[in-house]
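Visitor: I'd like to go over a predicted model; first the sequence, then the structure.
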Amino acid sequence: MTIQITLTDRLHDLLTASVQKVRGFSQRQAAERWWNGDLANARRALRKLEDVDLLFSAEVLVRPILQLDGPIFKWKPGDKSPNCGQMAHLCQSRIRRIPVRMTRYFVATERAARLFGGRCRGKLTHPAQATHDLGVTAVWLHLSRICPEMATGWLGEDMLSHTRQGQKCPDAFIVDSHGTVSSVVEFCGDYDRERIQSFHEDCVERGLPYQMW
C-alpha cells in the first residue's frame, strides 16, 4: 500500500529544520515549536512522516534540557577570556542534576536531506550523543523565540563541517545574508575545562565571536 502525505507549510518547515538546523528533536520539542504544545497532533504528524521515510525515530535515554534562559558566556575579539574551570563546573552541575528519562528522538532520513537541501546522518548512530543534540535543538528553539534573525541565520554543524578541516567544528554557525559566518554557537553539555578552553582558543585564533550555552 502506498502511503501519501500532504506537506503543509508546517511540515515543510519542520523537515527543513531537521536537515539544515539541528540533528534531532524530541516529540515535545516538535510539539512546542510546530503544534503550540499539542502533543497528540504532533505525535500523529510525526508518525506519518516516519511512514513516508522522511523521519526516523528511536527511544533513547537522555537528560532533556527543559529551559534555557540565555548563553552562559559570550565572547568577541577584544573581550576577556572566560574562566573555563568555572564554566565547566556550571555546565556539568546543570546537566547532571537533570534526571535521565526515556525519550523518543527524531532524526531526518537521507531521503529528507535530498528533498529539502540539507545534510543528515539518516539514522541514530550515537545514542549517547542524543542529550547533547537535544540541547543544541533547545538553543535553536530558544533563539527562534527571542532572536528570530539569529535563528534564521543558524546552520547546523553538519552543513559546514566539511569547511573545518583541522579546526574545531561548533554546534552551529550563524551566517549573514551573503553566506559568511559571523559567529558560532556551542552547547556545553557535560564539558570539562579542557574542552571549553580548546573551543575558546580555536575561536580566538580565527577571530570568531561565539556564544556558549
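Guide: Okay, I see it.
Visitor: and the lowest-mean-pLDDT helix or strand in the chain, what does it pack onto?
Guide: Using mean pLDDT, DSSP states H and E, helix 157-160 stands out as the lowest-scoring helix or strand of the chain, at a mean of 86. If you count contacts as 3 or more C-beta pairs under 8 Å, 6 or more residues apart in numbering; DSSP states H and E, helix 157-160 packs onto strand 172-175. C-betas here are computed from N, CA, C, even on glycine.
Visitor: what about the longest helix in the chain?
Guide: Secondary structure of the chain per DSSP state H: the longest helix is helix 130-146.
Visitor: which is the next helix or strand following that one?
Guide: Remark: after helix 130-146, the chain's next helix or strand is helix 148-152, criterion DSSP states H and E.
Visitor: Can I get that following helix in PDB, CA atoms only?
Guide: Extracted as PDB, the C-alpha positions of helix 148-152 are listed here (Å, rounded to 0.1, in the frame of the first residue of the first chain):
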ATOM      1  CA  PRO A 148      14.500  35.200  15.000                       C
ATOM      2  CA  GLU A 149      17.200  36.800  12.900                       C
ATOM      3  CA  MET A 150      19.900  34.700  14.600                       C
ATOM      4  CA  ALA A 151      17.800  31.600  14.300                       C
ATOM      5  CA  THR A 152      17.200  32.200  10.600                       C
END
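Visitor: gap between the two ends of stretch 141-159?
Guide: Stretch 141-159 has an end-to-end distance of 18 Å (C-alpha to C-alpha, to the nearest Å).
Visitor: ok so, going back, can you list the neighbours in contact with the least confident helix or strand of the chain?
Guide: Contact with helix 157-160 is made by Q20, R23, G118, R119, C120, R121, C169, P170, D171, A172, F173, V181, as judged by C-beta atoms under 8 Å, 6 or more residues apart in numbering.
Visitor: Farthest pair within those residues?
Guide: Maximum pairwise distance in the contacts of helix 157-160, criterion C-beta to C-beta, is 22.2 Å, between R121 and V181.
Visitor: chain center to the least confident helix or strand of the chain, what's the gap?
Guide: Put simply, helix 157-160 sits 11 Å off its chain's centre (C-alpha atoms, centre = their mean, to the nearest Å).
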